[in-house]
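Trainee: okay, here's the prediction I keep looking at, along with the sequence it came from:
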Amino acid sequence: MTITYSYLRENAGLILHVVRPTKLSYAKLHDLSRLIEEGGQIRADGLADRLLRCRWVAYVCDGLVVVGTAALKTPEDGPDNNAIVKAQSPYNFYDFKIEIGFLMVATLYRGKRLASVLTKALCDKEPLSNIYATVAETNSIAQSILLKNRFIQSGIPFADRAGSGMLLLFVKISN
Ligand SMILES: CC(C)(COP(=O)(O)OP(=O)(O)OC[C@H]1O[C@@H](n2cnc3c(N)ncnc32)[C@H](O)[C@@H]1OP(=O)(O)O)[C@@H](O)C(=O)NCCC(=O)NCCS
């Protein structure tokens, strides 16, 4: 499915796509993986495979070039090492079947509200699901995008896998 949001119409050539990952061509998967890798926050190994296991992948193209992406993932963490437990959140991990992540906008396209549009489009796909996200404690822009999409911060900061910073848990409870 291809959706053109009114916001994006003002930006000639920018088109938002929200698709099941199995609909992505090999070339598009490669482009999305490369863009996500550029962010430097996501481990690069097996990224295309991890994208393929997502429920939905959203991306914005400027012509043929992918300039922003995000995805709804199926959490693959175990009962003891998931973000909800690590954040000491009062919520139950098993009540969350979806995590939003892989959010990345190409440097030249930042500040055009693409991340906001990608996040909203994905949340709109799963209005009846609880969704969680983890965000670097220092990433106030990503945090503000989640807050505007009815996520709330839950629990306490916890160390990321690389041990290089602290993460915050955000949860969106379905209607
Ligand atoms: C974080 C990121 C995804 C934001 O993408 P973006 O498309 O520029 O974000 P948006 O344009 O939707 O901006 C969201 C809000 O932050 C504000 N904002 C964006 N860039 C800003 C900046 N440099 N300084 C201050 N505010 C900023 C926008 O004005 C907007 O506020 P509004 O809703 O009140 O208008 C992008 O910077 C990025 O890809 N960073 C690297 C990867 C990353 O951090 N991913 C998130 C991991 S959780």
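Mentor: Structure received. Numbers count the residues shown, from 1 in each chain.
Trainee: got the phi and psi for the residue nearest the centre of the chain?
Mentor: Computing the C-alpha centroid of the chain and ranking residues by Cα atoms, centre = their mean puts Gly101 first, at 2.5 Å. Dihedral angles of Gly101 (phi, psi; degrees, to the nearest 10) stand at phi -170, psi -160.
Trainee: ok, the one 4 residues further on next?
Mentor: In terms of degrees, to the nearest 10, the main-chain angles of Val105 are phi -120, psi 130.
Trainee: identify the residue nearest the residue nearest to the centre of the chain in space, chain neighbours excluded?
Mentor: Lys73 (5.5 Å; Cβ to Cβ, 6 or more residues apart in numbering). (Glycine included, C-beta is placed from N, CA and C.)
Trainee: so what's that neighbour scoring on pLDDT?
Mentor: Lys73 carries a pLDDT value of 96.
Trainee: with Ile42 instead?
Mentor: 78.
Trainee: how near is the residue nearest to it when sequence neighbours are not counted to Tyr94?
Mentor: Nearest residue to Ile42 in three dimensions, chain neighbours excluded: Ile36, at 5.4 Å (Cβ to Cβ, 6+ apart). Remark: distance between Ile36 and Tyr94 (Cβ to Cβ, to the nearest Å) = 27 Å.
Trainee: the two: who's more crowded?
Mentor: Ile36 (24 against 10; other Cβ atoms under 10 Å).
Trainee: wait, what's in contact with the more buried one?
Mentor: Listed by Cβ atoms under 8 Å, 6 or more residues apart in numbering, the contact partners of Ile36 are Ile42, Leu47, Leu51, Thr69, Phe102, Met104.
Trainee: can you list the residues of this structure near the ligand?
Mentor: 39, 41, 103-105, 110-116, 135, 139, 141-142, 144-145, 148 (Cβ under 6 Å from any ligand atom).
Trainee: buried ones only from those, please, as a PyMOL command.
Mentor: Under the burial definition 16 or more other Cβ atoms under 10 Å, those of the residues of the chain next to the ligand that qualify are selected in PyMOL by:
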select buried, resi 41+103+104+105+112+114+115+116+135+139+142+145
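Trainee: of the residues of the chain next to the ligand, which belong to strands?
Mentor: Leu103, Met104, Val105, Val135 (DSSP state E).
Trainee: which residues are in contact with stretch 137-147?
Mentor: The contact list for stretch 137-147, computed with Cβ under 8 Å, 6+ apart, reads 103, 115-116, 119, 133, 135-136, 153, 157, 165-168, 170, 172.
Trainee: give me the mean pLDDT for that stretch.
Mentor: On average, stretch 137-147 scores 98.
Trainee: equivalent analysis for stretch 13-22, please.
Mentor: 93.
Trainee: buried ones in it?
Mentor: Leu14, Ile15, Leu16, His17, Val18, Pro21.
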